[in-house]
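Colleague: dropping a prediction and its sequence here:
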Amino acid sequence: MDERANKLFEEAILKLREANDELCRPEEDVVSQLVCSNSKHAIVNYLRGFLLQNKIETSDDEAIDSLYDQCKAINKHFEEVNLSGFECDAHKDESRFCNESSKFSRCFDIADMLDIFLRREKIIS
C-alpha cells in the first residue's frame, strides 16, 4: 500500500478522534467549528487515501463530491455511505463552519460512517 495513503488514513483517524473528543464535552463547551473542521478533514483524508491506494492522484483543492464520485467508480459499495446533508463545501468565508448542532453532527456522522465502511471493507484496520 502506498505510504502516502497510510499517512492520509492515519490523519483521518486522528481528526475523527479529535472531533469525537470535542463532541464528548458538555454541550455548552462544544466548539462547533472544531467538530466541523476536524470531521471535514477526516472525510477528505479518507477519500483521498482510498484514491491514492488505488493509484489515483488528487489535488488538495478537489471537492469532496468529486472525490466521493471517484471512490464510487472504483468501489460501488461506497454508495452505502450517504453524503447528503454535508454542506461544508457550500459555506462562504465568513461562515465557513457549521454552527447548528445538527449540521456539525452530520459532518461527524459522515466521517464516522466512512471510518466504519473502510474498516468493514478491510481497507483500514
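Modeller: Done, it's in.

Colleague: from here on, contacts and neighbour counts on C-alpha atoms
Modeller: Fine.

Colleague: contacting residues for residue 16?
Modeller: By CA atoms under 8 Å, 6 or more residues apart in numbering, the contact set of residue 16 is 38, 39, 42, 108, 111, 112.

Colleague: contact partners for the last one?
Modeller: This points to residue 112. residue 16.

Colleague: gap between residue 31 and residue 37?
Modeller: In this view, residue 31 and residue 37 are 10 Å apart by CA to CA, to the nearest Å.

Colleague: wait, I meant residue 49
Modeller: 18 Å.

Colleague: what of residue 124?
Modeller: 22 Å.

Colleague: same question, residue 79
Modeller: 23 Å.

Colleague: check residue 6 too.
Modeller: From residue 6 to residue 37 the distance is 21 Å (CA to CA).

Colleague: these two: which is more packed in?
Modeller: Per other CA atoms under 10 Å, whichever of residue 6 and residue 37 has more neighbours is residue 37, with 22 against 18.

Colleague: what helix or strand is that one on?
Modeller: helix 32-53 (DSSP states H and E).

Colleague: and that helix, what does it pack against?
Modeller: helix 3-23, helix 64-74, helix 101-120 (3 or more CA pairs under 8 Å, 6 or more residues apart in numbering; DSSP states H and E).

Colleague: of all those, which lies closest to residue 58?
Modeller: helix 64-74 (8.0 Å; CA to CA).

Colleague: let me see the contact set for the closest residue in space to residue 123 that isn't next to it in sequence.
Modeller: Excluding the flanking residues, the one nearest residue 123 by CA to CA, 6 or more residues apart in numbering is residue 50, at 7.8 Å. With contacts taken as CA under 8 Å, 6+ apart, residue 50 has the following neighbours: 5, 71, 123.
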